[in-house]
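Trainee: Fold the following, please.
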Amino acid sequence: MKSKEITFWDHKSINGFEQLLEELDLPNSDKVYWELLKGKPLHPVLFAQLMDVPIYKAHEIIKLYGETNRDGNITGYVGLSLNKTAHQLNFDNKSLYAWCAMDTILLPRYLMHRWEIISKDPITGNPVKLSISDNLLEWTKPVPIFISWIEKADSCDIRSSFCQYSNFFENELSANKWRIKNPTGNIYPVEQFFSNSSGSKCC
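Mentor: A predicted model of the protein is given here:
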């Protein structure tokens, strides 16, 4: 697959996984997410069936946009993972993980479901928590919290080129300290990503 640059101009341009998956030419990805949300690895043959692609194509996609275990089964895919990261997703009494803070905002919207997120401020190490239901930000702890990202990503290396720059911060001071080390980064209060918010009140 040919590498291309993906651009996120501002927080209003990041309108969902539909846009991202379309740019990456990955239709039917919602079926893969729902299987991963069951909490078990996917066999590549099942992945190919869900994506409606030949098995050789499935392996190409997995190599670029997935994670596998020792048995070659899929444990992660474009933002969602069974492997532990700094961004925990609590979903229907199961814990999964996201590649970055932005994933935890976009995935609930894409899948139209509710989950609670427990992340970690990379500057202070303190926990940051929030609850999202589809496009509703139900609450955050503390209040307010902030999120970072950069404008450009390499489609063939999303985790290194984008995800490591997308984090939650417990306050603006912490976010600004991160930005000193990452001057091309963007910082916004999390509630600005939602058209529907209950005021980011604490749980």
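
Trainee: hey, let's count contacts and neighbours off CA atoms from now on
Mentor: Noted.

Trainee: what are the ranges of the helices in the protein?
Mentor: 17-23, 29-36, 44-51, 55-65, 101-111, 158-161, 172-181 (DSSP state H).

Trainee: Single out the most deeply packed of those.
Mentor: helix 101-111 (a mean of 22; mean count of other C-alpha atoms under 10 Å).

Trainee: Counting by contacts, list what that one packs against.
Mentor: If you count contacts as 3 or more C-alpha pairs under 8 Å, 6 or more residues apart in numbering; DSSP states H and E, helix 101-111 packs onto helix 17-23, strand 87-91, strand 114-120, strand 127-133, strand 146-149.

Trainee: nearest to residue 155, of the ones you listed?
Mentor: helix 17-23 (8.6 Å; C-alpha to C-alpha).

Trainee: Check which helices and strands the closest one is in contact with.
Mentor: Other helices and strands packing on helix 17-23, by 3+ C-alpha pairs under 8 Å, 6+ apart, are helix 101-111.

Trainee: can you list the residues that contact the helix it packs on?
Mentor: Here helix 101-111 makes contact (C-alpha atoms under 8 Å, 6 or more residues apart in numbering) with 15-18, 30, 79-80, 87, 89, 98, 114-115, 117, 119, 132-135, 147, 149, 163, 166-168.

Trainee: rerun that using 7 Å as the cut-off
Mentor: Residues outside helix 101-111 that contact it (C-alpha atoms under 7 Å, 6 or more residues apart in numbering): 16-17, 79, 87, 98, 114, 132-135, 166-168.

Trainee: In JSON lines: these, plus distance to residue 123 and pLDDT.
Mentor: Converted to JSON lines, the contacts of helix 101-111 look like this (distance: C-alpha to C-alpha, whole Å; pLDDT from 0 to 100):
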{"residue": "16", "distance to residue 123": "27", "pLDDT": "64"}
{"residue": "17", "distance to residue 123": "27", "pLDDT": "73"}
{"residue": "79", "distance to residue 123": "22", "pLDDT": "94"}
{"residue": "87", "distance to residue 123": "15", "pLDDT": "97"}
{"residue": "98", "distance to residue 123": "19", "pLDDT": "97"}
{"residue": "114", "distance to residue 123": "28", "pLDDT": "91"}
{"residue": "132", "distance to residue 123": "23", "pLDDT": "93"}
{"residue": "133", "distance to residue 123": "27", "pLDDT": "91"}
{"residue": "134", "distance to residue 123": "28", "pLDDT": "84"}
{"residue": "135", "distance to residue 123": "28", "pLDDT": "81"}
{"residue": "166", "distance to residue 123": "13", "pLDDT": "95"}
{"residue": "167", "distance to residue 123": "10", "pLDDT": "97"}
{"residue": "168", "distance to residue 123": "10", "pLDDT": "98"}
